[in-house]
Each structure stands twice: as C-alpha cells, then as structure tokens.
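Asks: Would you be able to build a 3D model of this:
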Amino acid sequence: MLDNITGKILSIQEGVAVVNTGGFGWKVLTTTHTAASLRVKAEVTLKTHLVVNDHAFVLFGFADDAERDLFRRLIQVNGVGPQSALLLLSGFRPDDFAAAILHEDLDALTSVKGIGKKTAQRLLIELK
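Replies: Take a look at the predicted model:
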C-alpha cells in the first residue's frame, strides 16, 4: 500500500492536487484544509490512502497522520464512504471533529453537505 507521496505540486483545484513524482502526475483528492496548505511548484509530502473499486484507483492525500487516521476510521463506519469522509474532514479538523463527537453535536455533523441525520447518529454511536 502507498504510505505517502513526495513530489512537486503541478496544480491545485478544489479538493484535487496533481503531484509530479518520477515523471508521473498523480491526481490526489484532498481535504480543503490540506489543499489550502499546498502551493504550486512547491515540494510536498502527503500521507496517502488508496481506494480501489471496480471502476478506478483513487488516491487520497492528507497533510498529516491525524487527518489520514481519522479518514480511515470514518470509512469504516457503515454508510460513510471515502467521499463522505473527505467532506467531513473538509468541514472539520480532526480535533474539532473529535469535539463534535464527544459533545454529541448532531447539528454540527449534519451541517456537512451529504451528511444526514441518520449518518450523523451512526457516527456518534460508532465513534464515541
């Protein structure tokens, strides 16, 4: 499995960075927090998680281990896929997400696009 990717940022768009490494441009899906920390032409190392499905190989990149570890935990929750996990992490930094779970803040969780009441309740139950 890929643990990280190091290379030069070729481009950054909302939620997607292209990282050039070894002559290949890797499309890496990122949280808004990670994307905001990147600069075109800068050398970067992103922690990664590779999702393989029937249609594609999708590489997710994170600024640090905390963000990647929470992503991995979120995709284990029934009904939360990689895209929903990425949206949650774009709406919350890991510490803020932990606080929302600890305080059972259903309103904060449902404020994230694509996260309904049932999914938010499941997150509270499974992650508390």
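
Asks: Spell out for me which residue occupies the centre of the protein.
Replies: Leu86 (3.7 Å; C-alpha atoms, centre = their mean).

Asks: can you tell me the helix or strand for that one?
Replies: Element membership of Leu86 [criterion: DSSP states H and E] is helix 82-91.

Asks: check contacts around the residue nearest to the centre of the chain.
Replies: The contact partners of Leu86, by C-beta atoms under 8 Å, 6 or more residues apart in numbering, come to Gly15, Leu29, Thr30, Thr31, Phe60, Phe71. C-beta here means a position set from N, CA and C on the backbone, and glycine is covered the same way.

Asks: Now do Thr48 against Val58, distance only.
Replies: Distance, Thr48 to Val58, using C-beta to C-beta, to the nearest Å: 11 Å.

Asks: So which of those two has more stuff around it?
Replies: Thr48 (18 against 15; other C-beta atoms under 10 Å).

Asks: what are the bridge partners for the more buried one, then?
Replies: Gly61 (DSSP bridges).

Asks: my guess is Glu67 contacts Asp96, does it?
Replies: No. Checked against C-beta atoms under 8 Å, the pair Glu67 and Asp96 is beyond contact range at 11.6 Å.

Asks: Neighbour count: those two, which is higher?
Replies: A direct count of neighbours by other C-beta under 10 Å for Glu67 and Asp96 places Glu67 higher, at 22 against 12.
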